[in-house]
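Novice: Just to be clear, the model below is a prediction. Sequence and coordinates:
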Amino acid sequence: MENRLFKELEWGINLSTNTIFLTYDIDVDALYHICTRMDALKKYNKGKDINLIISSYGGDVYSMMGIIDYIKNLEIKVNTICYGAAMSATAVILACGTGVRSMSENSTVMIHEGSAFEHGKVSDILKTSDHLKLLHKSINKILGEVTEKPKAFWNRISKTDTYLTSEQCLEYGVIDEIV
């Protein structure tokens, strides 16, 4: 039993509560780890909701989109729970839970426009800028769908770094409950 506990800690999961801990930056490794851990829990505890506990400053938008798509296509529910902070990419993941979406009373969510560090020819920088605008529209469309707030609301909110309390997240439909 002790050996299993150490393995669970190493893997960032808890088999008895069907929980995954997302406490790192979102990147391609995070996409891989989250999806494989969800697969493992789905097989280990057939039919049981997965709990995704989030405390992260965000990360890569492409990996975020992959995690969101993966969650949406699971045949079981994924409850998202924020303890501490869900910022940038992880704020969107929090909102996209397919089960109960919650956060602790003193946690913080931050939503903003995407950013990139680009260098090179002006034409390439302009292409990147156009692509970022499309990604920003996609993210605000997703937020509009999962929160039932108009896309225009999220366009306005995300123009700058916007920090939200648990009460604001509940009011805006980012979460379903405060724990």
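Specialist: That came in fine, so what should we check first?
Novice: Show the residue spans covered by the helices in the protein.
Specialist: Under the criterion DSSP state H, helices of the chain are mapped to 2-11, 28-44, 61-73, 89-95, 122-147, 151-157, 166-172.
Novice: So for the last one, mean pLDDT?
Specialist: Averaged over helix 166-172, pLDDT sits at 98.
Novice: What lies in contact with that helix?
Specialist: 103-107, 109, 147, 149, 153, 157, 164, 175-178 (CB atoms under 8 Å, 6 or more residues apart in numbering). Bear in mind the C-beta positions are built from the backbone N, C-alpha and C, glycine included.
Novice: next one: that helix to chain centre, how far?
Specialist: 16 Å (CA atoms, centre = their mean, to the nearest Å).
Novice: List the buried residues for it?
Specialist: For helix 166-172, the buried set under the neighbour-count rule, 16 or more other CB atoms under 10 Å, comprises 166, 169, 170, 172.
Novice: Just the CA trace of stretch 77-92, in CSV.
Specialist: Output of stretch 77-92 as CSV, limited to C-alpha atoms (Å, rounded to 0.1, in the frame of the first residue of the first chain):
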residue,chain,number,x,y,z
LYS,A,77,-17.4,13.9,-16.7
VAL,A,78,-14.4,15.9,-15.6
ASN,A,79,-14.9,18.1,-12.5
THR,A,80,-12.5,21.0,-12.5
ILE,A,81,-11.5,22.5,-9.1
CYS,A,82,-9.2,25.5,-8.6
TYR,A,83,-7.2,25.8,-5.4
GLY,A,84,-4.8,28.8,-5.4
ALA,A,85,-4.7,30.1,-9.0
ALA,A,86,-6.0,29.2,-12.4
MET,A,87,-4.4,31.7,-14.8
SER,A,88,-4.4,32.2,-18.5
ALA,A,89,-4.6,28.7,-20.2
THR,A,90,-5.6,27.0,-16.9
ALA,A,91,-8.4,29.5,-16.4
VAL,A,92,-10.0,28.4,-19.6
